[in-house]
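Peer 1: Here you go, sequence then predicted model.
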Amino acid sequence: MTIAETKRLTGYAHGGGCACKIPPGELEAVVAGLVGDTAGDDLLVGLDDGDDAAVVRIANGQAVVATADFFTPVVDSAYDWGRIAAANALSDVYAMGGVPVVAVNLLCWPRDVLPMELAGEVLRGGLEVARAAGCHVAGGHSVDDPEPKYGMAVTGLADPARLMRNDAGRAGMPLTLTKPLGIGVLNSRHKATGEVFPQAVAAMTTLNRAASEAALAAGVVCATDVTGFGLLGHLHKLARASGVTARVDPAAVPYLEGAREALRDGFVSGGTRRNLDWVRPHLDAGGTSEDELLLLADAQTSGGLLVAGEIPGHPVVGELLPGRSSGETLVVG
């Protein structure tokens, strides 16, 4: 089979991008027995609070940041899928306040079904984005798999005294979002119809490097990125880890062009619905509509940073409040 004869790439995937993640509630149950590995004082960030990457202190006042991320095709362009997956993997390092140094490819490929030339296009896209980030790509690992998947394991460096972590939020901090939401519903529409949304591809391939640098320059100590668990899911994890309640102003949240129309037309992934179901017991939604909540829980792929602090040029979408005795971590409205 040649590349020209290949059917749409998203047609080989059961889900798309970060929407194919294991549901957060199920995942937390699986890793519950693995937390608490302190291994001395050098493991600065581990599994305990579900942060974006692991961080280990090393010599000379530095810390190593390590992460891995891969997923099924989110767009039909193999080259763009590679770019998106690389930007998404690098994002975990930026979310911790680190700088990516080296990455290795993670490739699963149905070699008897899809041409290897197409895999080359995926890898080319990933390499281009990594180079733009100043991150080396040094080989990787591949397996023959019935379903295509691609991503990277990334290692970076950070100043251990200037980490951004999800347990450092404090009441009174504003919440800033650095990319618009709506990637999930647009990707779902693309998968179902073949319509191409350049605005979604542009958002997903934009590195979070500049946002991370601006956050560090502003003295931010608490941040996360918004990916498969949606804004509400990642904010719930941040608020829970920090012992606070987070308020979101839905009117202040930016969305990509076409996102509301995609929601109206029913292009909502199962991952998005699972996200909302997961946070609902911890949510004071007030009079917010179900549609608005679905957009706030929309499973993003290579989304922006959610920062406890203000970054010039990006909207403030809420604030952190003192923790509620009733236990809600999220308030919308």
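Peer 2: Nice, thanks for sending it over.
Peer 1: And the helices in the stretch 101-250 of the chain?
Peer 2: 116-132, 183-193, 198-205, 209-217, 230-242 (DSSP state H, counting those that start in this stretch).
Peer 1: May I see those helices organised as JSON lines, with mean neighbour count added?
Peer 2: Where you see a C-beta, it was placed from the backbone N, CA and C, and this is true even at glycine. Below are the helices of the stretch 101-250 of the chain laid out as JSON lines (neighbours: other CB atoms under 10 Å):
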{"stretch": "helix 116-132", "mean neighbour count": "18"}
{"stretch": "helix 183-193", "mean neighbour count": "25"}
{"stretch": "helix 198-205", "mean neighbour count": "19"}
{"stretch": "helix 209-217", "mean neighbour count": "19"}
{"stretch": "helix 230-242", "mean neighbour count": "26"}
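Peer 1: can you put the ones you listed in CSV and add mean pLDDT and distance to residue 323?
Peer 2: Below are these laid out as CSV (pLDDT from 0 to 100; distance: least, CB to CB, whole Å):
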stretch, mean pLDDT, distance to residue 323
helix 116-132, 97, 38
helix 183-193, 97, 29
helix 198-205, 98, 32
helix 209-217, 98, 23
helix 230-242, 97, 8
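Peer 1: Report how many residues lie close to the nearest residue in space to residue 145 that is not next to it in sequence.
Peer 2: Closest residue in space to residue 145, ignoring its immediate chain neighbours: residue 108 at 3.5 Å, by CB to CB, 6 or more residues apart in numbering. Look at residue 108: counted by other CB atoms under 10 Å, it has 18 neighbours.
Peer 1: picking up where we left off before, so for residue 63, which of the helices of the stretch 101-250 of the chain sits nearest?
Peer 2: Nearest to residue 63 among the helices of the stretch 101-250 of the chain is helix 209-217; the distance by CB to CB comes to 13.7 Å.
Peer 1: so how far is the closest one off the chain centroid?
Peer 2: Here the centre of helix 209-217 is set off from its chain's centre by 17 Å, with CA atoms, centre = their mean, to the nearest Å.
Peer 1: Rebuild the helices of the stretch 101-250 of the chain as JSON lines, extending it with distance to residue 87.
Peer 2: Formatted as JSON lines, the helices of the stretch 101-250 of the chain follow (distance: least, CB to CB, whole Å):
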{"stretch": "helix 116-132", "distance to residue 87": "5"}
{"stretch": "helix 183-193", "distance to residue 87": "12"}
{"stretch": "helix 198-205", "distance to residue 87": "5"}
{"stretch": "helix 209-217", "distance to residue 87": "10"}
{"stretch": "helix 230-242", "distance to residue 87": "17"}
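Peer 1: Ok, which of these comes nearest residue 92?
Peer 2: helix 209-217 (10.8 Å).
Peer 1: could you give the angle of that closest one to helix 116-132?
Peer 2: Angle, helix 209-217 to helix 116-132, by axes from the mean of the first three to the mean of the last three CA atoms, to 10 degrees: 30 degrees.
Peer 1: what helices or strands is helix 209-217 leaning on?
Peer 2: With contacts defined as 3 or more CB pairs under 8 Å, 6 or more residues apart in numbering; DSSP states H and E, the packing partners of helix 209-217 are helix 78-95, strand 305-308.
Peer 1: In a markdown table: the ones you listed, plus mean pLDDT.
Peer 2: Output for the helices and strands packed on helix 209-217, formatted as a markdown table (pLDDT from 0 to 100):
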| stretch | mean pLDDT |
| --- | --- |
| helix 78-95 | 98 |
| strand 305-308 | 98 |
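Peer 1: To residue 54, which of those lies closest?
Peer 2: When the helices and strands packed on helix 209-217 are compared by CB to CB, helix 78-95 sits nearest residue 54, at 9.6 Å.
Peer 1: Alpha carbons of the closest one, in PDB - could you do that?
Peer 2: Extracted in PDB, the C-alpha atoms of helix 78-95 (Å, rounded to 0.1, in the frame of the first residue of the first chain):
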ATOM      1  CA  ALA A  78       0.800  12.000   9.500                       C
ATOM      2  CA  TYR A  79       3.200  14.900   9.600                       C
ATOM      3  CA  ASP A  80       0.900  17.100  11.700                       C
ATOM      4  CA  TRP A  81       0.200  14.200  14.000                       C
ATOM      5  CA  GLY A  82       3.900  13.900  14.600                       C
ATOM      6  CA  ARG A  83       4.200  17.600  15.300                       C
ATOM      7  CA  ILE A  84       1.200  17.600  17.700                       C
ATOM      8  CA  ALA A  85       2.500  14.500  19.600                       C
ATOM      9  CA  ALA A  86       5.900  16.000  20.100                       C
ATOM     10  CA  ALA A  87       4.600  19.400  21.300                       C
ATOM     11  CA  ASN A  88       2.300  17.600  23.700                       C
ATOM     12  CA  ALA A  89       5.200  15.500  25.100                       C
ATOM     13  CA  LEU A  90       7.400  18.500  25.500                       C
ATOM     14  CA  SER A  91       4.600  20.400  27.300                       C
ATOM     15  CA  ASP A  92       5.000  18.300  30.500                       C
ATOM     16  CA  VAL A  93       8.500  19.600  30.900                       C
ATOM     17  CA  TYR A  94       7.500  23.200  30.300                       C
ATOM     18  CA  ALA A  95       4.600  22.800  32.800                       C
END
